[in-house]
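> my questions concern the predicted model and sequence given below.
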Amino acid sequence: MNAENQNNLDDEFNDDALNAYADRSKRRPRKTGRHPKQISASNYDFVQKQDDTRTTFNFTYQAARFEEWWLLETLGAFYEHQWIADVLRKVKVGKEASVYLCKSGVGVDEPLLAAKIYRPSSLRSLKNVQEYRLGRLDLDADGHKLWKRADIKAAAKRTAYGEEVRHTSWIAYEYQTMEALFAAGADLPKVYAKEKNAILMQFVGDLESTAPILNSVSLDADEAQALFARMIFNIDLMLAHGCIHGDLSAYNILYWNGALKIIDFPQIVLPESNPSAWKFFQRDVMRVCQYFFAQGVDCDAGKIAADLWTSHGYRTFKQLDPKYLDADDPEDRRAWQER
Ligand SMILES: Nc1ncnc2c1ncn2[C@@H]1O[C@H](COP(=O)(O)OP(=O)(O)O)[C@@H](O)[C@H]1O
Ligand SMILES: [Mg+2]
């Protein structure tokens, strides 16, 4: 890596949010997503030495100084549990997260995995986060609905601890949704494990190249028609499983070996309980249709959205159920008053 690149990477990771996060998280990462295999003695060495040296997990990817610390902190537990054996390269710095290509640990049924690591400030970078959260009960790190009153209050009051609770819930929604939809037969990467700030999933691509986003791909007419039908199948399947993607477009669909994989699920919207669900659903369908229309597919987004939506028994006007609102949350109170 040349000096200029190194400096750029240092800048990228040398921000105040990351430093504040580093101070808060001196403790060891949580241990979830256990690999069925035993942890070997050499990995116990890693656990013991990590806090002193932080160099035992040497990876191929040449990370900048802050980035290296960040990778050890977020991916250390995946290594410890033998989900990954190496970090090979950085794939992409996205809106909220950075994605790295990892070599899988022994016994994992995929040779390569993608580690999606959230930036500490990721929640703040999404506009109107609250609108997605409406009707969603926050989840804890194990994917259970929050039950401690203190956590619920902190999340509503948006204290510093409450922001952490929300962040954890955001990631838990992405993991849980991907797991459920994959099991239901939807086209998305299989997820393997989750840590406090990262998700490990099937890598779409190969050692040399990453699957392009669909938006950068030109399809011939027959393929466009077939893939469009497959996307409508996926949108319908998601709705049948009580979920709207919420940020679906050709930017969050990967194209590889003639097939599609939908990614980026943390903001999923619940059709039953989010008052803006119909609006989000229409937007998802419209953006997908926009891409396929440009590829020569004759599609009427409004009609497709309305047909799918009503076929699942939903109504095309705002619905708001007080059972999903928190009386202590000013934003929830405002939504109720504005209904
Ligand atoms: N499983 C994966 N396999 C290959 N590339 C991926 C995978 N997941 C994400 N990416 C790459 O990382 C980028 C950002 O991921 P995404 O989940 O969309 O996060 P963001 O919220 O930051 O947009 C994607 O556009 C894609 O290029
Ligand atoms: Mg994305």
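Ah, there it is. Ligands and ions are numbered 1, 2, ... in the order given.
> identify the residue spatially nearest to whatever residue of the chain ends up closest to ligand 1, adjacent ones excluded.
With C-beta to the nearest ligand atom, the shortest gap between the chain and ligand 1 falls at Gly94, namely 2.1 Å. All C-beta spots, glycine's among them, are computed from the backbone N, C-alpha and C. The shortest distance from Gly94 to any non-neighbouring residue, by C-beta to C-beta, 6 or more residues apart in numbering, is to Asp264 (7.7 Å).
> again, but for Cys243
In this structure, Cys243 finds its nearest non-sequential neighbour in Ile268, 5.1 Å apart by C-beta to C-beta, 6+ apart.
> count the neighbours of the residue of the chain closest to ligand 1 for me.
By other C-beta atoms under 10 Å, the residues close to Gly94 number 16.
> any idea how far ligand 2 is from it?
Applying C-beta to the ion, to the nearest Å, the value for Gly94 to ligand 2 is 5 Å.
> and the residue nearest to Cys243, what does it touch?
Residues counted as contacts of Ile268 (C-beta atoms under 8 Å, 6 or more residues apart in numbering) are 132, 173-174, 177, 243-246.
> show me which pair in these is furthest apart.
The most widely separated members of the contacts of Ile268, counting by C-beta to C-beta, are Glu174 and Ile244 (14.0 Å).
> among these two, which residue is more densely surrounded?
Ile244 (27 against 23).
> any idea how far the more buried one is from Gln267?
Note on Ile244: its distance to Gln267, by C-beta to C-beta, to the nearest Å, is 10 Å.
> what of Leu112?
Per C-beta to C-beta, Leu112 is found 26 Å from Gln267.
> which one's more surrounded, those two?
Ranked by neighbour count (other C-beta under 10 Å), Leu112 and Gln267 place Gln267 first, with 22 against 17.
> and the more buried one, that's in a strand?
No - per DSSP: H, G, I helix; E, B strand; the rest coil, Gln267 lies outside any strand segment and is coil.
> pull up the residues of the protein that are close to ligand 1.
By C-beta under 6 Å from any ligand atom, the residues of the chain that approach ligand 1 are 91-92, 94-97, 99, 114, 116, 189, 201-205, 210-211, 213, 252, 263-264.
> repeat that for 8 Å
Counting by C-beta under 8 Å from any ligand atom, the chain comes close to ligand 1 at 91-99, 101, 114, 116, 122, 189, 201-205, 210-213, 247, 251-252, 254, 261, 263-266.
> now the buried members of these.
By neighbour count, with 16 or more other C-beta atoms under 10 Å, the residues of the chain next to ligand 1 hold 91, 94, 96-99, 101, 114, 116, 122, 189, 201-205, 210-211, 213, 247, 251-252, 254, 261, 263-266 as buried.
> check contacts around Glu110.
Contacts of Glu110 by C-beta under 8 Å, 6+ apart are 104, 190, 192, 202-203.
> farthest pair within those?
Using C-beta to C-beta, these reach their maximum pairwise distance at Ser104 and Lys190, which is 11.8 Å.
> if you count what's nearby, which of the two comes out ahead?
Neighbours per residue (other C-beta under 10 Å) separate Ser104 from Lys190, with Ser104 holding more: 20 against 15.
> correct me, but that one touches Ile84?
Yes - between Ser104 and Ile84 a contact is recorded at 6.4 Å, counting by C-beta atoms under 8 Å.
> got any ranges where the chain has weak pLDDT?
1-55, 120-128, 317-321, 323-324, 339 (pLDDT under 70).
> and the helices in it, which stretches?
Taking DSSP state H as the criterion, the chain carries its helices at 3-13, 16-24, 41-53, 65-80, 122-125, 129-133, 149-157, 160-184, 221-240, 277-294, 301-311, 330-337.
> can I get those in a markdown table with distance to Asp140?
Putting those into a markdown table (distance: least, C-beta to C-beta, whole Å) gives the following:
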| stretch | distance to Asp140 |
| --- | --- |
| helix 3-13 | 28 |
| helix 16-24 | 18 |
| helix 41-53 | 24 |
| helix 65-80 | 17 |
| helix 122-125 | 16 |
| helix 129-133 | 15 |
| helix 149-157 | 7 |
| helix 160-184 | 7 |
| helix 221-240 | 24 |
| helix 277-294 | 24 |
| helix 301-311 | 31 |
| helix 330-337 | 19 |
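> so which of these is nearest Val108?
That would be helix 65-80 among the helices of the chain, by C-beta to C-beta, at 10.4 Å.
> in the closest one, what counts as buried?
Across helix 65-80, burial judged by 16+ other C-beta under 10 Å covers 66-68, 70-80.
> which residues sit in contact with Ala224?
Residues in contact with Ala224 (C-beta under 8 Å, 6+ apart) are 292, 295-297.
> of those residues - the most surrounded one?
Neighbour tally across these (other C-beta under 10 Å): the maximum, 22 neighbours, falls on Phe292.
> and it, what does it touch?
Residues in contact with Phe292 (C-beta under 8 Å, 6+ apart) are 224, 227-228, 231, 299.
> next up, the contacts around Phe280.
Applying C-beta under 8 Å, 6+ apart, the residues near Phe280 are 132, 244, 246, 269, 274.
> then Asp236?
Residues in contact with Asp236, defined by C-beta under 8 Å, 6+ apart, are 308, 311.
> same check, this time on Ala172
For Ala172, the contact set (C-beta under 8 Å, 6+ apart) comprises 139-143, 194.
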